[in-house]
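Student: 3D, please:
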Amino acid sequence: MTLVLNRIDDRLIHGQVVVGWGQPLDVRFIVLVDDAVAESEWEQELYRMGVPPEMEIRFHSAADAATRLDEYRMEGQPGILLTGDIATMRALVERGGVRDVNIGGIHHRAGRVQHLRYVFLSEAEQEALRELATHGALVTAQDVPAARAIPLNELLGAREDA
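Tutor: I've put the predicted structure just below:
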């Protein structure tokens, strides 16, 4: 097996990641890539409490994770790569060769427009997603495994009322 999901979700580890994706994909580890969390033992402990004991969590900065992606791709068990924002995933696409990107949750903030029930994007974020695609990444939005994966061009064309 390998990394079975490369996901952007601003909530990082929560039930939808652990149960919604983790159980159907039989995930055994999560690589949480976030510079601030990688530096904070307190935050790491909070995230550890959100996963079952049989699921390991590995915390890395974006720079560190990019150098270890080949190692994670060679794992004998399935894992999830998880970032909280587009910029961090972009670093992994550019430096680490991530090729499939799942947008799982980018929630409302000032300056963002709703594209799907679970995806709100600013103009700069829309452009950043387009740039991921120009670097060879297949970008789709999908909140749960049973839902249809929505291609980037459809996502950016979609707008829903808040």
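Student: contact partners of the helix or strand of the chain with the lowest mean pLDDT?
Tutor: The weakest-scoring helix or strand in the chain, judged by mean pLDDT, DSSP states H and E, is helix 15 (a mean of 87). Residues from elsewhere that reach helix 15 (CB atoms under 8 Å, 6 or more residues apart in numbering): Gly50. C-beta: built from backbone N, CA, C; applies to glycine.
Student: which of the three states applies to Ile30?
Tutor: Put simply, Ile30 is strand when judged by DSSP: H, G, I helix; E, B strand; the rest coil.
Student: number of nearby residues for it?
Tutor: Using other CB atoms under 10 Å, Ile30 has 26 other residues around it.
Student: check whether it really touches Pro52, as I assumed.
Tutor: No: with contact defined as CB atoms under 8 Å, Ile30 does not count as touching Pro52 (11.1 Å).
Student: so where is the protein shaky, pLDDT-wise?
Tutor: 1, 158-162 (pLDDT under 70).
Student: which residues of it fall in strands?
Tutor: 3-9, 29-33, 56-60, 79-83, 100-105, 113-116, 119-121, 138-141, 150-151 (DSSP state E).
Student: run through the bridge partners of Ile106.
Tutor: Assessed by DSSP bridges, Ile106 has beta-bridge partners Val119.
Student: how close does it get to Arg68?
Tutor: 25 Å (CB to CB, to the nearest Å).
Student: more neighbours: those two, which one.
Tutor: Neighbours were counted for Ile106 and for Arg68 using other CB under 10 Å; Ile106 has more, 24 against 14.
Student: the more buried one and Thr83 touch, don't they?
Tutor: No: the pair Ile106 / Thr83 is not scored as a contact, 10.8 Å apart, by CB under 8 Å.
Student: residues that sit against both of the two, list them.
Tutor: 8-9.
Student: pretty sure Asp64 is touching Asp34, no?
Tutor: No: between Asp64 and Asp34 there is no contact under CB under 8 Å: 11.1 Å.
Student: Leu121 against Ile106, yeah?
Tutor: Yes: Leu121 is in contact with Ile106 according to CB under 8 Å; the separation is 6.3 Å.
Student: find residues that contact each of the two.
Tutor: Joint contacts of Leu121 and Ile106 (CB under 8 Å, 6+ apart) are Arg112.
Student: now Thr2: closest residue in space, sequence neighbours ignored.
Tutor: Nearest residue to Thr2 in three dimensions, chain neighbours excluded: Arg73, at 4.8 Å (CB to CB, 6 or more residues apart in numbering).
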